[in-house]
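S.K.: Any chance you can model this:
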Amino acid sequence: MTDGPIHSMTPITALDAGERVLASFRPDRATYLRDHAWLAVVAMALGMAVLWAVGNPHVWTGAVGGLAAVAVRGFYLASDELHARWDMTDRRLLGPLTRAVPLSEIKTVRGLGSAVQVVTRSGDKHLIKYQADRAGTEARIRAAADLREG
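M.R.: Residues are numbered from 1 along each chain as shown. Down below sits the predicted model:
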């Protein structure tokens, strides 16, 4: 994989004159692993339930399949997901590549598991994933957006 801007999981949007970064939100490895462990538990249970429902005598293979699927997914996505970064400036929320959300355009900030969802007035939705302190991330973005509007 190249390290060029097309594959960047960090903001590449240039700051405007006088704009400064107030905070950066990076994913937490322990939170990533915990979320995938819970996803594996659910996948294992569903796999076993489906095999039991169809009468398969080897119900335990549903657990193996569910665990394997989540482990493979987690392994392959970790390199991207754990390098994603969002920067909050005094004017905008800057995400991977060229994602840029003016603070004045943020309508809703809410938690979804370990992620923070930012919804704009036009309906665009962005996820800041695997936050160790999801409530703290929400509060900082909400406060900045409120200051910007007021």
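
S.K.: tell me the contacts of the most centrally placed residue in the chain?
M.R.: By CA atoms, centre = their mean, the chain has its centre lying nearest to Lys129, at 1.8 Å. Going by CB atoms under 8 Å, 6 or more residues apart in numbering, Lys129 touches 27, 81, 84, 114-115. Heads up, the C-betas are built off the backbone N, CA and C, glycines and all.

S.K.: I figured Gly74 hits Arg34, correct?
M.R.: No - applying CB atoms under 8 Å as the test, Gly74 and Arg34 come out as separate, 11.1 Å apart.

S.K.: Those two: who's more crowded?
M.R.: Gly74 (17 against 14; other CB atoms under 10 Å).

S.K.: would the more buried one count as being in a strand?
M.R.: No - counting by DSSP: H, G, I helix; E, B strand; the rest coil, Gly74 is located in no strand; its state is helix.

S.K.: so what's it closest to, chain neighbours aside?
M.R.: His36 (4.2 Å; CB to CB, 6 or more residues apart in numbering).

S.K.: Look through this structure and tell me its longest helix.
M.R.: Ranked by residue count and defined by DSSP state H, the top helix of the chain is helix 29-53.

S.K.: That one: which residues count as buried?
M.R.: Residues 31-32, 35-36, 39-40, 43-44, 47-48, 51 are the ones in helix 29-53 that count as buried (16 or more other CB atoms under 10 Å).

S.K.: quick one: which of the contacts of Lys129 is nearest Thr108?
M.R.: Using CB to CB, Ala115 comes nearest to Thr108 of the contacts of Lys129, at 13.6 Å.

S.K.: mind listing what that closest one touches?
M.R.: Contacts of Ala115 by CB under 8 Å, 6+ apart are 127-131, 134.

S.K.: Which residues belonging to the lowest-mean-pLDDT helix or strand in the chain are considered buried?
M.R.: Least confident element among the helices and strands of the chain, by mean pLDDT, DSSP states H and E: helix 134-149 (a mean of 85). Buried positions in helix 134-149, judged by neighbour count with 16+ other CB under 10 Å: 134, 137-138, 140-142, 144-145.

S.K.: what distance separates the start and the end of stretch 91-107?
M.R.: Taking CA to CA, to the nearest Å, the first and last residues of stretch 91-107 lie 15 Å apart.
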